[in-house]
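>>> make a model of this:
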Amino acid sequence: MFLKLKNVGGKVLPACLEEFVDILLEAHLDAAYRQAASKLTAELRRAAGLAGLLFPAGGGETSSDPGHLGQGRRDLRRRPGQPQEEALIELYRQEKALGREVLTYTVYSGTRDTTSRLKRLIEQAGLKVAVLRASVDTARREDWILDQVDRGIDVLITNSELVKTGLDLLDFPTIVFLQTCYNVYTLQQAARRSWRIGQKQAVRALFFGYAGSSQITCLQLMAKKIAVAQSTSGDVPESGLDAFNQDGDSVKMALAKQLVIGP
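Numbering: from 1, shown residues only. Model (predicted):
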């Protein structure tokens, strides 16, 4: 027999609130983004016309012929804090004042790793941070995280794929998504990673996104997929939702089609 956590009763679980944080790009960043998005759209349309739409399985890192898309890219490590990063650090400070540690998810932890830069910015703000990477063996991750908590970290940064194996992260009642993955099951599990029996604090799950960007389009598509999955699952347990998302690339394909065809 399967039983959802929310149906356990007896008030064994605290409140769980999901929030969306809409962030405005600075004018010069918005202009640069629009230019890059225009080039990407043109490349996608050209590729679709030549050989059908091909969207990389690795998270949109490269295209078969990126051409000029990567030109002029500056070293991210040397840039000052961007609006999303500044809002994130302010959130960290607020949560630290409340005695709450923050779990932060980022998709870009591999080829285009941004975690080192984010770690540096957080440390410059006077906060303690740890980054959980894939190099930490799966069997050791829970102990590794507990060791970091014992060190007194304020923030843990990782990719949601690295903690989807059933870890209960009760020490992090606040969860932040800098970007989302493209798998409904992984996303839902990641958003509830600290909402488990034994949690005493209210849980917050925040989704950050730049207004008018592809981040918002992705969040909208994921929200639709989650709504469909929930409406058709009835009382099926949460782990069964993965059956509705056999193709992990479907959201990326939908995002690419919107760029090529339009809304």
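
>>> list the contacts of Arg93.
Each residue near Arg93 by C-beta atoms under 8 Å, 6 or more residues apart in numbering is listed here: 125, 127. Bear in mind the C-beta positions are built from the backbone N, C-alpha and C, glycine included.

>>> now it: how far from Val21?
Distance of Arg93 to Val21, given as C-beta to C-beta, to the nearest Å: 15 Å.

>>> check which element follows the longest helix belonging to the chain along the chain.
Scanning the chain for the longest helix, with DSSP state H as the assignment, gives helix 27-51. Counting by DSSP states H and E, the next helix or strand C-terminal to helix 27-51 is helix 83-97.

>>> what residues sit buried inside that following helix?
Neighbour-count burial for helix 83-97 flags 84-85, 87-89, 91-92, 95-96 (criterion: 16 or more other C-beta atoms under 10 Å).

>>> likewise for stretch 197-204?
Within stretch 197-204, the residues that count as buried by 16+ other C-beta under 10 Å are 199, 201, 203-204.

>>> just give me the closest of those to Trp144.
Among the buried residues of stretch 197-204, Gln199 lies closest to Trp144 (C-beta to C-beta), at 20.5 Å.

>>> isn't the closest one up against Leu13?
Yes - counting by C-beta atoms under 8 Å, Gln199 sits close enough to Leu13 to count as a contact (6.7 Å).

>>> what residue ranges in the stretch 1-150 of the chain score low on pLDDT?
The model of the stretch 1-150 of the chain has pLDDT under 70 over residues 1-10, 48-81.

>>> redo the buried residues of stretch 197-204 as TSV? Include secondary structure and pLDDT.
Below are the buried residues of stretch 197-204 laid out as TSV (DSSP: H, G, I helix; E, B strand; the rest coil; pLDDT from 0 to 100):
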residue	secondary structure	pLDDT
Gln199	coil	93
Gln201	coil	95
Val203	strand	95
Arg204	strand	95
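
>>> assign Ile153 to helix, strand or coil.
coil (DSSP: H, G, I helix; E, B strand; the rest coil).

>>> go on, Asp22?
strand.

>>> roughly how far apart are it and Leu221?
17 Å.

>>> please say which of the two ends up with more neighbours.
Neighbours were tallied for Asp22 and for Leu221 using other C-beta atoms under 10 Å; the higher tally belongs to Leu221 (19 against 12).

>>> next, the angle from the host helix or strand of the more buried one to helix 83-97.
Using DSSP H and E, Leu221 sits in helix 214-233. With axes from the mean of the first three to the mean of the last three C-alpha atoms, to 10 degrees defining the directions, helix 214-233 sits at 60 degrees from helix 83-97.

>>> which strands and helices sit next to helix 214-233?
helix 184-191, strand 203-210, helix 250-261 (3 or more C-beta pairs under 8 Å, 6 or more residues apart in numbering; DSSP states H and E).

>>> give the pairing partners of the second one; include direction for each.
Yep, that's strand 203-210 we're talking about. Applying DSSP bridges, strand 203-210 is found paired with strand 16-23 (parallel), strand 174-177 (parallel).

>>> which outside residues touch that strand?
The contact list for strand 203-210, computed with C-beta under 8 Å, 6+ apart, reads 14-25, 33, 83-84, 87-88, 91, 173-178, 180, 191-192, 194-195, 215-216, 219.
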